[in-house]
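Enquirer: Got a predicted structure plus its sequence, pasted below:
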Amino acid sequence: MPVQRIRPEWYPLATQIRKEFGMARRPLCRAILAFAVLGGQQTTLGAQLRVGDAAKVLREQLLARAGQRNVVWQQASKASGGTRVIDLRPRRAGTGTPLQLDGNATERRTIAPLAMGAKSIDVVRDFLRRNAGALRISDPDRELVLDREEGDELGRRHLRFSQQYHGTLVWPSNLIVHLDPAGNVDLVDGAFVGTPHRILREPIVGASAAAERAAQALGVERTTCGVPILIVYTDHGRYPRLAWRIDVSPSPLESWWIVIDAANGTVIDRISRVMSESVTGSGVDPLGITRTLHLWQSGGTFYMLDASKPMFSASSQPPDPNKTTGAIMVFDAQNQPPSSHPQTVGNLALSQSMNPNSWPVADNVAAAYWLSATYDYYLRIFNRNSIDGSGGNIVGVTRFGSGLQNAFWMDKAQTMFFGDADLYTASVDVIGHELTHGVTSKTAALEYKDQAGALNESILDHRLFSSHPSPQHEEPRTVWRS
C-alpha cells in the first residue's frame, strides 16, 4: 500500500493536530489525511500511517482526538503484516475506543485455531493481549471478564465480556469477540471504554447516603431503593467516574436506575427500566383509516416513538429524544409559528397520549404510520437500515406553521416537516419522495441544481417508487396540482 505525501490543502489540520500533541514535524508527515466533500461539508474520511515511532500514538490517540472514524495502518512487524481496519469511536462520544476491530488473514496464521485443539477462550485471550494497545485496554486479562460464550447455526462462536477496573464493574460496557468456524478471531465489537485513569478508587459518599440521594431525586421513600452497587460509570459521552447505581422501584409501573457520583453525591443519570418497545396502539388518520402504531410506554403515557425496528439501539433511553438512537419519532409543532411561511421552528413536543388507541391529531397518526412503512420499504427492497444507512433516527414534524402548503426534507436537521394545508402526512408518495432526499444526500450527494438537481428528482420519483411499489401497505394517491 503506497504512502503519499501530505498535500498542501491538508496542512492546516495537520498543523493543528501536531500542536495539540506537541509532535515534531517529521512524525506527523507519516499521517496521510484524506478529505471529501459530503453535503457541502469537509469531512475527514480516514488516515494511513507509516510504520515508525509515531504509529502507535497516532492510531490510538491522534485520530480519535481529531474526530476520525475509519483508520487503516500498516503493521509494524512482517510476521503480522498486512492491514487491519479499525472503526474508532470519536473521543467526544467516549474515549476513542474502537467501534469495530477486524481481524486479518495474516494474523490468523499466528494463532492456533480450534481445529488444532485450542479452546476458543485461549485464542481470544491471546488476540486481546496482542491488540491491547488498539483496544486501549492496559491489562485485558484482568479488566475483561468472560460473561458467556455462545455458538450459532453457522458454526461461529461469540464471547461476551464485561469490563472491570481494579475489581469494580465498569458500566455500561461490554466487548464481544467473534470467531469464524475455523476458530479464528475475525471481529471485535461492543461499547466499552479504555482503561480509566486518575479516578477515585474508594467512594467518598457512602452507600447509604447515595441511596438517600436517589430517593430524594425521585421524591420517593428510601425503602423503595435496592442495595447500591459501586461502579465505574460511563455513558460513552463523559469521562469515567466512580459512582453508585441504585435500583429504585416505587411501583410496578415505575422502575429506575439512579446513578450517584461517589465523590460528591450528585445525580449523574437516571435511567428508566420500564421498557415497552413492542407496545402497539392504533389511531385514525386524515383519510378515516385506522392505522396500527408502534409506541413507547413510560408509566401511563404513550409516545409516538417507534422502537420496534432492527435499527433501535438498546443503549437508548426513551422517551428522551436526545438519548434515543434508531427510533422513528413524530413531533407536533402545534401550528407554530402561526404563519403559512414560517421562518423559525418553535417548541416541538413528542406526540403523546394517555390512551394508546386514542390520538386526537390525525396528522400525527398518518406520519407515524408512513414513516414506519418507508423504513420497512428501504430495509426490505434495498437492505438499507434507515435513511442514513446506519440506523439513525427518522424524525417527522407535523402541523408546522399554519396553512403551510408544503412538505419538505431539511437535510441539516435530518427531519421531515409537514404543513397542514393538505393531506401530506397521509400520502406515501410524498413521504417516500422527501425521505429519499435524505438517502440521496448520504449516498450520491447530488447538488440540488442543474443536471444534478434533475437527476435527484428523477431518482426519487421515477426509478425508485415506480419500479418497487410496496404491496404491504395501502397507498393513498396524492392529487397533484399545476
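Expert: Okay, I see it.

Enquirer: hey, where'd the helices end up in the stretch 301-450 of the chain?
Expert: 362-382, 428-442, 450-458 (DSSP state H, counting those that start in this stretch).

Enquirer: would TSV of the ones you listed with mean neighbour count, distance to Ala307 and mean pLDDT be doable?
Expert: Yep, even glycine has a C-beta here, placed from its N, CA and C like the rest. Formatted as TSV, the helices of the stretch 301-450 of the chain follow (neighbours: other Cβ atoms under 10 Å; distance: least, Cβ to Cβ, whole Å; pLDDT from 0 to 100):
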stretch	mean neighbour count	distance to Ala307	mean pLDDT
helix 362-382	22	11	93
helix 428-442	21	19	81
helix 450-458	13	31	64
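
Enquirer: Kindly reformat these as a markdown table containing distance to Leu135.
Expert: Listed next are these as a markdown table, based on distance: least, Cβ to Cβ, whole Å:
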| stretch | distance to Leu135 |
| --- | --- |
| helix 362-382 | 32 |
| helix 428-442 | 29 |
| helix 450-458 | 42 |
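
Enquirer: Ile199 is nearest to which of the ones you listed?
Expert: Relative to Ile199, the nearest member of those by Cβ to Cβ is helix 428-442, separated by 38.2 Å.

Enquirer: List every C-alpha atom in the closest one, with coordinates, as PDB.
Expert: Written as PDB, here are the backbone C-alpha positions of helix 428-442 (Å, rounded to 0.1, in the frame of the first residue of the first chain):
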ATOM      1  CA  VAL A 428     -46.900   7.800   1.000                       C
ATOM      2  CA  ASP A 429     -45.500   9.100  -2.300                       C
ATOM      3  CA  VAL A 430     -44.900  12.500  -0.700                       C
ATOM      4  CA  ILE A 431     -43.200  11.000   2.400                       C
ATOM      5  CA  GLY A 432     -41.200   8.500   0.300                       C
ATOM      6  CA  HIS A 433     -40.100  11.200  -2.000                       C
ATOM      7  CA  GLU A 434     -38.900  13.600   0.700                       C
ATOM      8  CA  LEU A 435     -37.200  10.900   2.800                       C
ATOM      9  CA  THR A 436     -35.400   9.800  -0.300                       C
ATOM     10  CA  HIS A 437     -33.800  13.200  -0.500                       C
ATOM     11  CA  GLY A 438     -32.100  12.200   2.800                       C
ATOM     12  CA  VAL A 439     -30.900   8.900   1.200                       C
ATOM     13  CA  THR A 440     -29.500  10.800  -1.800                       C
ATOM     14  CA  SER A 441     -27.700  13.300   0.400                       C
ATOM     15  CA  LYS A 442     -26.000  10.400   2.200                       C
END
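
Enquirer: looking at the helices of the stretch 301-450 of the chain, which is closest to Ala132?
Expert: helix 428-442 (34.8 Å).

Enquirer: quick one: which of the helices of the stretch 301-450 of the chain is nearest Tyr165?
Expert: Closest among the helices of the stretch 301-450 of the chain, once you apply Cβ to Cβ, is helix 428-442, at 37.8 Å.

Enquirer: Counting by contacts, list what that closest one packs against.
Expert: helix 362-382, strand 407-410, strand 415-418, helix 465-467 (3 or more Cβ pairs under 8 Å, 6 or more residues apart in numbering; DSSP states H and E).
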